[in-house]
Each structure stands twice: as C-alpha cells, then as structure tokens.
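Asks: Give me a model of this one.
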Amino acid sequence: MANDQQLSGEKSLEIIQQMINQAKTNLTDNGISWLLWGTMLILASVSTFVFINIGSANLFLGWNVFGAVTIILLAYDALKPKRKKVKTYVDELMTMVDIGFFVCVFVIILAINISVSPNEGFGFMLMAFAFLMLIKGGAVKSKALIIGAVVNWVGAIAIFKNKEFKYDMLIMAGAVLIGYIIPGLILWAEYKKANKISKK
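Replies: Next up, the predicted model:
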C-alpha cells in the first residue's frame with residue numbers, strides 16, 4: 001500500500017512537471033505575426049498620409065485593403081487544418097485574448113464609420129494595440145513588447161492631443177514600428193537562436 005502511494009505521488013509529480021513543460025513550450029513567439037501585422041499597419045498609415053497630401057478622393061484605400069487582407073487571413077487561420085496538440089489553460093486564455101482584441105478593433109472601426117471621429121478612433125485603436133502587446137509581452141516575457149505597449153499608449157495620447165489627422169497617421173506608423181516591427185525582429189532573432197541551440 002505504501003509503495004502504491006509512493007508511486008502515485010511520483011506519478012503525480014511527473015504529470016505536473018509535464019504540464020509545466022508543455023506550458024513553457026507553448027509560450028513561445030517567433031515574431032512573424034508581429035512583423036506581418038506591423039508591416040500592413042505601417043503601409044496603411046503611410047499610404048493614408050500620402051493620399052491626404054496629394055488630395056486623393058479615397059483617403060482610406062490603404063485601410064480598406066488592410067481590412068480585406070485581415071478578413072482573408074483570419075478566415076484562412078480559422079479554416080486551415082489544425083495539428084492536434086494538448087491545449088493548456090494558457091493556450092485557451094491567449095486565444096480568448098486574441099478574440100477579444102479583434103472584436104475591440106472591429107467595434108472601433110465600426111464606430112469610426114458611424115459616430116466617432118477618425119482622430120479619436122485611431123487613438124482608441126492604439127490603446128487596443130498597447131493592451132494586446134502588454135498581455136502578449138508578459139506571456140512570452142518580452143521586454144520589447146512591453147516597451148512597445150507603453151509607446152502605443154503614449155501614441156494614443158499624442159493622437160488625442162493632435163488636431164490634424166494626417167499627422168495621426170505618422171504617429172500610428174511610428175508607434176507600430178516600435179510596438180510591432182522592432183519586437184517582431186527581436187523575437188524572430190531569439191527564435192532562430194533557440195532553434196540553433198536545440199539542434200546541436
């Protein structure tokens with residue numbers, strides 16, 4: 001009986017250790033998504049700045065393209081076959097964070113088209129970006145993402161204070177560069193380095 005209890009205790013510790021290792025394994029970020037979304041956001045922001053300066057009739061063409069590409073990418077991600085793996089509580093939590101983020105961004109875009117001025121709307125959007133960066137940065141222990149979150153909150157305040165919309169787009173592009181692109185490059189470099197070490 002004592003041996004059974006001892007084995008049971010050892011087995012329990014082994015299961016707990018496996019769960020911890022699984023959680024550690026899942027909490028990685030290769031930076032690709034930050035680079036992808038960051039590039040699209042910067043292109044949309046800079047194109048809007050250019051369209052305003054040249055007096056284009058369709059100022060938000062870049063954002064319309066960004067929205068269409070986003071829908072396609074999200075649909076592809078939802079429909080593509082998923083590799084079967086054990087989903088941890090942290091995995092499910094991060095999925096809910098992603099869903100909440102995209103719903104918030106969708107509502108902000110809807111608000112810009114209904115009643116909120118673009119100046120206010122893009123400020124709120126940077127706030128949503130910052131919140132996502134803080135959560136994800138904390139989850140993968142990325143100081144670059146956490147710093148990016150702070151920069152995006154500062155960018156949101158700058159947008160609220162700024163009165164000329166075309167400069168909002170430059171603030172947005174700068175905040176995304178620091179919040180998305182730079183952390184994405186750092187995470188990508190760390191991911192490649194970790195893979196080289198694991199292969200040795």
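Asks: following the lowest-mean-pLDDT helix or strand in the chain, which helix or strand shows up next?
Replies: Ranking every helix and strand in the chain by mean pLDDT, DSSP states H and E puts helix 2-26 at the bottom, with a mean of 54. Tracing the chain past helix 2-26, the next element assigned as helix or strand by DSSP states H and E is helix 32-54.
Asks: From the contact counts, what lies against that next one?
Replies: Identification of packing neighbours for helix 32-54 by 3 or more Cβ pairs under 8 Å, 6 or more residues apart in numbering; DSSP states H and E yields helix 61-79, helix 165-176, helix 182-199. Heads up, the C-betas are built off the backbone N, CA and C, glycines and all.
Asks: Now mean neighbour count too, for these, in CSV please.
Replies: Supplementary listing: the helices and strands packed on helix 32-54 in CSV, determined by neighbours: other Cβ atoms under 10 Å:
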stretch, mean neighbour count
helix 61-79, 13
helix 165-176, 21
helix 182-199, 14
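Asks: For those helices, please prepare a markdown table with the additional fields mean pLDDT and distance to residue 88.
Replies: Rendered in a markdown table, the data for the helices and strands packed on helix 32-54 read as follows (pLDDT from 0 to 100; distance: least, Cβ to Cβ, whole Å):
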| stretch | mean pLDDT | distance to residue 88 |
| --- | --- | --- |
| helix 61-79 | 82 | 19 |
| helix 165-176 | 95 | 30 |
| helix 182-199 | 83 | 20 |
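Asks: Of all those helices, which one comes closest to residue 144?
Replies: Residue 144 lies closest, by Cβ to Cβ, to one member of those: helix 182-199, at 3.7 Å.
Asks: okay, the angle between that closest one and helix 32-54?
Replies: An angle of 160 degrees separates the directions of helix 182-199 and helix 32-54 when computed by axes from the mean of the first three to the mean of the last three Cα atoms, to 10 degrees.
Asks: circling back: in a markdown table, list the helices and strands packed on helix 32-54 along with distance to residue 131.
Replies: Formatted as a markdown table, the helices and strands packed on helix 32-54 follow (distance: least, Cβ to Cβ, whole Å):
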| stretch | distance to residue 131 |
| --- | --- |
| helix 61-79 | 18 |
| helix 165-176 | 13 |
| helix 182-199 | 15 |
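Asks: I'd like to know which of those helices lies nearest to residue 35.
Replies: Comparison of those against residue 35 by Cβ to Cβ identifies helix 182-199 as nearest, at 3.9 Å.
Asks: For residue 131, grab phi and psi.
Replies: Here the main-chain torsion angles of residue 131 (degrees, to the nearest 10) amount to phi -60, psi -40.
Asks: show me the residues around it that make contact.
Replies: With contacts defined as Cβ atoms under 8 Å, 6 or more residues apart in numbering, the neighbours of residue 131 are 101, 149.
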